[in-house]
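1. Here is a sequence together with a model predicted from it:
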Amino acid sequence: MISQKEILIKVIENISRNLISAENELTELDSMGDADCGSGVRRGFEAVLNILKELSSLELGEILKRVGFTLAYTIGGTSGAMLGTGFIETGKGIADNKEPTVLDWINAVDGALLVIKRRGGNTKIGDKTLVDSLEPAVAAMKSVYEKIYEIQPQTTIDNTIGNNSVASPMQILPIIDAAYRAAKLGSDRTIDMIAKKGRASYVGERSKGNRDPGSLIIVIMFESALNILKSI
Amino acid sequence: MKKIINKPEDVVYEMLKGLLSSNPDKLAGILEKRIIYRKDPYLNKVAIISGSGSGHEPDQAFYVGKGMLDAACAGPVFAAPTLDAIVDAAKIIDRGRGVLFLVKNYTGDRANFEMASEMLEFEGGPNVETVIINDDVAVKDSTFTAGRRGVAGAIFVYKIVGAKSEEEGVNLQSLKKLAMQVNENVRSMGFALKSCTTPAKGSPTFELGSDEIELGVGLHGEPGRQRLKYMPANEIIKIITESVIEDLPFRPFDEVAVMVNGLGGTPIGELYIAAGIVLDILKGKNIKVFRTYVNNFCTSLDMEGCSVSLLRLNEEFKRLLCAPVDIPIRYF
């Protein structure tokens, strides 16, 4: 059976390729800011692809941290810092755990969201940032998890019971699916928002009518993860 | 807009290039990363770094030198320096005794310095400690800040901590403590008569009527406490000085250092008019003045206005303030 580590690396690879392909779209969406979102993200994830081989010698938490620092260092700026923070803090949440449960993963991403919000200066939903996708995604993960495990506490998915089982692709798939859908809706909502953070916030009303590129990045990430999980 | 610039996007690079060319024996740099650091070899010393957006010169690159900062990271105009520059700067200037980050309280600066510190830890790099500077009494939270902003009082922190770091056997923890102590004892407040104009925007950052004053303005033009009608120096300087005094509060028989700081667009003569008023007020309150510093220390491009900072002193602060420095900003 495929290990969580192998899945994670495949997911990271898929995320990287998809974000690199999205460069032009991201650049266009960033025209209210510096128009460097696409190129920055491409640079960051190309650097991640370059270290993919090294990652297999690390454990889950370290893999995430390594990816996060690579992104923050290579992309630079606030977007680099926020994306990097997402991976680093998720990695800290997983820490030395070699067999995290589904709940461990959800809590780790939730923890990362909190740090992103704080570091961004108490970013909230409605500020038109990646938080507008990520926060609904985390809320959806928690809510689907509760539905699966608490309403049916004896649920056996893939012969495992309740919430103490090590995460398997089958278990985590509905969670990531819910996250992807919620992220997508959240990102759609950013289209009509006026930016309150970042360079786009300096243009006020003119930032309306344009999807926030950061929120789209989150959508692409969850979609990439989902596609890998479906293929296993 | 007329400025002594070429292309707006090259402003920071060209400024730092000019700084390096003017100080070839004392300063080195990595211009692509907007890093300036001390060229003189120094051994066995905790390294001190600061950084913030550009547009506040001489803060900070122009304070790099013996007795003050060891390196500075310059962000784009009014935007934070990036994590990679901070990480690289720390690695360059580390001498094995650790690195102290002195960071003014703005969201972007804090985020990047915090992440740089974590990255260095992750890589097994130099030991890092960070002190956040938040001396501005004007407002509680601001456009780019949670809590109080860091303004001209930071210069006192750099001077005192930089001087101390040159002494024998001083370690990272004690310098961190000293920085925090200075921060706790300094208070500042400013006002603007006229907005600044950034090279990128080409027009004033904020609207300010020809008969208006922005009391408690931020260093990037962030709003302050309130708009006031223009008033003569005696009145406006009294308002900001008393706001600063009340905040700590500074008490009779306290001994202070005074900084009257130009925001960039105000003639030095006017700063001295302000200084005279500040000193009369302090005399009237029996607050003893050890030293008065009047100049552009921490500006906002070409903003017209000034800030007043008071630092409550002890014997050590006095000694360290008077210690020699060798920095690019000097008259002779």
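-> In hand now; what should we look at?
2. number of nearby residues for B:Glu114?
-> 22 (other C-beta atoms under 10 Å in any protein chain shown). No exception for glycine: its C-beta is placed from N, CA and C like everyone else's.
3. right, and B:Ala85 touches B:Gly51 too?
-> Yes: contact status for B:Ala85 versus B:Gly51: in contact at 7.5 Å, counting by C-beta atoms under 8 Å.
4. Mutual contacts of these two, please.
-> Residues within reach of B:Ala85 and of B:Gly51 at once, by C-beta atoms under 8 Å, 6 or more residues apart in numbering or on different chains, are B:Cys73.
5. so how far is the strand or helix carrying A:Leu173 off the chain centroid?
-> If you go by DSSP states H and E, A:Leu173 is part of helix A:169-190. Remark: helix A:169-190 is offset 10 Å from the chain centroid, using C-alpha atoms, centre = their mean, to the nearest Å.
6. I'd like the average pLDDT over it.
-> Averaging pLDDT along helix A:169-190 yields 95.
7. what's in contact with it?
-> With C-beta under 8 Å, 6+ apart as the criterion, helix A:169-190 contacts A:2, A:7, A:102, A:105-106, A:125, A:128, A:132-141, A:143-145, A:148, A:157-158, A:160, A:165, A:211-212, A:215-216, A:218-219, A:222-223, A:225-226, A:229-230, A:232.
8. three-state assignment of B:Asn261?
-> Per DSSP: H, G, I helix; E, B strand; the rest coil, the local secondary structure of B:Asn261 is strand.
9. Help me confirm that it comes into contact with B:Met303.
-> No: using C-beta under 8 Å, B:Asn261 makes no contact with B:Met303, being 11.2 Å away.
10. residues from chain A in reach of chain B?
-> A:65, A:69, A:72-74, A:76-78, A:80-81, A:84-85, A:88, A:119-122 (C-beta under 8 Å from any C-beta of the partner chain).
11. Just the buried residues of those residues.
-> Buried residues within the residues of chain A next to chain B, counting neighbours by 16 or more other C-beta atoms under 10 Å in any protein chain shown: A:65, A:69, A:72-74, A:76-78, A:80-81, A:84-85, A:88, A:119-121.
12. Out of these, which sit inside strands?
-> Judged by DSSP state E, strands contain none of those.
13. Just these: which are in helices?
-> Counting by DSSP state H, those place A:65, A:69, A:72-74, A:77-78, A:80-81, A:84-85, A:88, A:119 in helices.
14. Any chance of a markdown table for those, columns pLDDT and distance to B:Asn185?
-> As requested, these are arranged in a markdown table below (pLDDT from 0 to 100; distance: C-beta to C-beta, whole Å):
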| residue | pLDDT | distance to B:Asn185 |
| --- | --- | --- |
| A:Lys65 | 97 | 38 |
| A:Phe69 | 96 | 36 |
| A:Ala72 | 94 | 34 |
| A:Tyr73 | 94 | 36 |
| A:Thr74 | 94 | 40 |
| A:Gly77 | 81 | 35 |
| A:Thr78 | 82 | 32 |
| A:Gly80 | 90 | 36 |
| A:Ala81 | 91 | 32 |
| A:Gly84 | 96 | 36 |
| A:Thr85 | 97 | 33 |
| A:Ile88 | 97 | 35 |
| A:Arg119 | 91 | 28 |
